[in-house]
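A.B. asks: need a structure here:
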Amino acid sequence: MQRMFVRFAHSTAQRQKLVEKIVRVDHAGELGADRIYAGQMAVLSGQPISSVIKHMWDEEKEHLDTMERLCAKHNVPPTVFAPIFSVAAFALGAGSAMLGKEGAMACTVAVEELIGKHYNDQIKELIEDDPAEHKDLLKTLTRLRDEELEHHDTGIEHDGLKAPMYDAMKWVIQTGCKGAIWVSEKV
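C.D. replies: Numbering: from 1, shown residues only. Sure thing, here's the model as predicted:
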């Protein structure tokens, strides 16, 4: 009997670490997305594309709100690098927007492609652990993933793939995002 209790306690601790890692990194990601769109709006406000960016930004604000509620619910502090990520993401948004509509949309395509894959990986992890236990979190992450993939498609529809040096830009952006994900999963 005692052995069974120890195993259950260990499993619960592992499950909590998994949830903490997912919630912390997703909070950082949604903070980053909010700041990217803020940077893009700072440059492209008043341009025809601004209504498209504003719509995606409004959804990202709701995503960030959702992740902040999940941080509180699961007692997960944000990554200690959140202030740095916030500044870097705003700079990425503003910098990509300085290249015009195509640059801003290329940034959206690159970020949202990676984030869609990342959400898929997290969903798989939660299903492998215990889909019934993580039912609510799975529902939330699936919704967020689907909305991020809509942003990806919006970026393509608005000429993101036509940005100057798109492939290089995508590589740089996704490499930075992968680094932020890696760091956020740890601290």
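A.B. asks: which other helices and strands does the least confident helix or strand in the chain by mean pLDDT contact?
C.D. replies: Counting by mean pLDDT, DSSP states H and E, the weakest-scoring helix or strand in the chain turns out to be helix 2-44, with a mean of 84. Helices and strands touching helix 2-44, by 3 or more C-beta pairs under 8 Å, 6 or more residues apart in numbering; DSSP states H and E, are helix 50-73, helix 82-97, helix 101-129, helix 135-157, helix 166-186. Every residue, glycine included, has its C-beta placed from N, CA and C.
A.B. asks: what's the most buried one of those helices?
C.D. replies: Between these, helix 101-129 has the highest mean count of neighbours, a mean of 21, where neighbours are mean count of other C-beta atoms under 10 Å.
A.B. asks: what mean pLDDT does that helix get?
C.D. replies: If you average the pLDDT over helix 101-129, you get 97.
A.B. asks: just want the angle from that helix to helix 135-157.
C.D. replies: Orientation of helix 101-129 against helix 135-157 (axes from the mean of the first three to the mean of the last three C-alpha atoms, to 10 degrees) gives an angle of 160 degrees.
A.B. asks: for helix 101-129, what is the distance to the chain centroid?
C.D. replies: Here helix 101-129 shows a centroid-to-chain-centroid distance of 7 Å under the convention C-alpha atoms, centre = their mean, to the nearest Å.
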